[in-house]
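1. What shape does this take:
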Amino acid sequence: MPRAMAHTSADSRWGIHPLVDYSRSLLENMEKRTGRTLEAWVALTRKQQLPDVAARKAWLKAEHGIGSSTGHWIADLVDGQNQDWIDPESYLKAADGFYDTQYPEKKAHLKPIAEALFETVQALGDDVRICPCATIIPVYRNHVFAEIKPTTLKRVDLGFAFGGSPPSDKLIDTGGFAKKNRITYRIPLESMKDITGEVKKWLKEAYGRDE
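-> Next up, the predicted model:
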């Protein structure tokens, strides 16, 4: 497996999603733990010609005692799925696509809101990482402390990791605290003017809570 990676790249505006680092850590010692390399497991599983990921995972578990997380990666890679989540360069290339897909032509008017939020969070500190996923853009320090999502054609939702203690009653409860999710409150943004000094203050507080 490749060497340990940095969390950012000088050639990309994006940070590398923590899942990439986690997945690489999980997979890089596979031969030591299981007796086969990742490539060997993928090849062996492919030979079984099983119909889908669930069937492959079940076979790996039943026949070889491969756990859920490791089995998931092997089963996906049989079809070449999720390569973006184990290779930093592939992830950074995919991240551009994730962002563009979230803001197609019909949502293009919302993109300036996202760009303004990127600028705001990047100004909070050198340790901020913006890491696009397929449907959301989480923002990390040590953990995710904010989340940007074009929820409808009319608004971007900005989520915050405030646990059960939001700094303002203007924030909308996402239900995340009860579900033990990081993002617990949000604010809808429909135009640039909605990114007020108060919103920036909340971002700064969420960042500060993630020390």
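
2. tally of neighbours for the residue nearest to residue 86 when sequence neighbours are not counted?
-> Of all residues not flanking residue 86 in the chain, residue 23 sits nearest, at 4.7 Å (Cβ to Cβ, 6 or more residues apart in numbering). To be clear about C-beta, it is placed using only N, CA and C from the backbone, and glycine gets the same treatment. Under the neighbour criterion other Cβ atoms under 10 Å, residue 23 is assigned a count of 20.

3. these two touch, right, residue 23 and residue 87?
-> No: here residue 23 lies out of contact with residue 87, judged by Cβ atoms under 8 Å, at a distance of 9.3 Å.

4. domains for this protein, by residue range?
-> For the chain, automatic domain parsing gives the domain ranges 1-100, 103-209.

5. What is the end-to-end distance of the longest one?
-> Taking Cα to Cα, to the nearest Å as the measure, domain 103-209 stretches 30 Å from start to finish.

6. gap between that domain and the chain center?
-> 14 Å (Cα atoms, centre = their mean, to the nearest Å).

7. quick one on the thing from earlier: same list, the domains of the chain, but as JSON lines with mean pLDDT please.
-> Formatted as JSON lines, the domains of the chain follow (pLDDT from 0 to 100):
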{"stretch": "domain 1-100", "mean pLDDT": "84"}
{"stretch": "domain 103-209", "mean pLDDT": "97"}
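
8. what about the strands in the protein?
-> Secondary structure of the chain (DSSP state E): strands located at 129-130, 137-140, 144-149, 156-160, 172-173, 185-189.

9. Kindly export the third one (C-alpha atoms) in PDB.
-> It stands for strand 144-149. The C-alpha trace of strand 144-149 is given here as PDB (Å, rounded to 0.1, in the frame of the first residue of the first chain):
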ATOM      1  CA  VAL A 144     -16.300  17.600  11.300                       C
ATOM      2  CA  PHE A 145     -17.500  20.900  12.700                       C
ATOM      3  CA  ALA A 146     -19.600  22.200   9.900                       C
ATOM      4  CA  GLU A 147     -21.400  20.900   6.800                       C
ATOM      5  CA  ILE A 148     -22.500  22.600   3.600                       C
ATOM      6  CA  LYS A 149     -25.400  21.200   1.600                       C
END
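
10. what residue lies at the spatial centre of this structure?
-> residue 133 (4.7 Å; Cα atoms, centre = their mean).

11. Going by neighbour count, which residues of the helix ranked longest in the chain are buried?
-> Identified as the longest helix of the chain according to DSSP state H is helix 88-102. Residues of helix 88-102 classed as buried by neighbour count (16 or more other Cβ atoms under 10 Å): 88, 91, 92, 94, 95, 98, 99, 102.

12. What is the most widely separated pair among these?
-> Of all pairs drawn from the buried residues of helix 88-102, the greatest distance, 21.1 Å, lies between 88 and 102 (Cβ to Cβ).
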